[in-house]
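Engineer: from the sequence below, what's the structure:
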Amino acid sequence: MRENEKFYGFEETLYRLDQKHAEDIAILDLRESTAIADFFIIVTANSKTHMKTLQETAEESLEQAGIECHLEGRESDRWRLVDGISVVVHIFSREGRSFYSLERIWGDVPTSLYSQNMPEQPAQARQNQQFEQLRQAGFSRNE
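Structural biologist: Next up, the predicted model:
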């Protein structure tokens, strides 16, 4: 997640997941804690069909940003993963999110919530506002 174009892919992924009504979007900053990824994006889906839609959305968004992805759990009802190496998107059912409890396991890393309730506005203005909030929480585009 060191190159700007990869970070912009991450921003677009958050935005697209939000547009597809992903619930409880959380971003965990793992850069100081582990080498397995720079960030986890954790979202909740409300059905198996919604999980598939969110998985496809995350995969397409990351790949359009030039981030090659590996998929896990394609048929799972509880958990699916889109692994973009530096950014890993975890898509859970409500039950799966509670069971795996990644926010608790990684409770010592900086975490930010991506607001889903912002009023509709042009995409760029909305992204700028969202990422100003992330910057204030310690995330940086220049990392």
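Engineer: quick one: average confidence on stretch 85-102?
Structural biologist: The average of the pLDDT scores along stretch 85-102 is 95.
Engineer: one more: stretch 112-119?
Structural biologist: Per-residue pLDDT over stretch 112-119 has a mean of 64.
Engineer: so Tyr15 is in which element?
Structural biologist: helix 4-19 (DSSP states H and E).
Engineer: after that helix, next one along is what?
Structural biologist: Using DSSP H and E, the helix or strand that follows helix 4-19 towards the C-terminus is strand 23-29.
Engineer: quick one: contacts of that next one?
Structural biologist: 14, 17-18, 38-46, 97, 102-103, 106, 109-114, 116, 134, 138-139 (Cβ atoms under 8 Å, 6 or more residues apart in numbering). C-beta here means a position set from N, CA and C on the backbone, and glycine is covered the same way.
Engineer: send over it as CSV, restricted to the C-alpha atoms.
Structural biologist: Provided in CSV are the C-alpha atoms of strand 23-29 (Å, rounded to 0.1, in the frame of the first residue of the first chain):
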residue,chain,number,x,y,z
GLU,A,23,-22.8,-2.9,6.4
ASP,A,24,-20.4,-1.9,9.3
ILE,A,25,-17.4,-1.1,7.1
ALA,A,26,-14.2,-1.2,9.2
ILE,A,27,-10.7,-0.5,8.2
LEU,A,28,-7.9,-2.0,10.3
ASP,A,29,-4.4,-0.6,9.9
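Engineer: for it, buried residues please.
Structural biologist: 23, 25-29 (16 or more other Cβ atoms under 10 Å).
Engineer: over to stretch 67-82?
Structural biologist: Those would be 67, 69, 73, 76, 78-82, for stretch 67-82 by 16+ other Cβ under 10 Å.
Engineer: any chance of those in TSV, with distance to Glu59 and pLDDT too?
Structural biologist: Below are these laid out as TSV (distance: Cβ to Cβ, whole Å; pLDDT from 0 to 100):
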residue	distance to Glu59	pLDDT
Ile67	10	89
Cys69	5	94
Gly73	13	94
Ser76	15	93
Arg78	18	96
Trp79	15	96
Arg80	10	97
Leu81	10	97
Val82	5	97
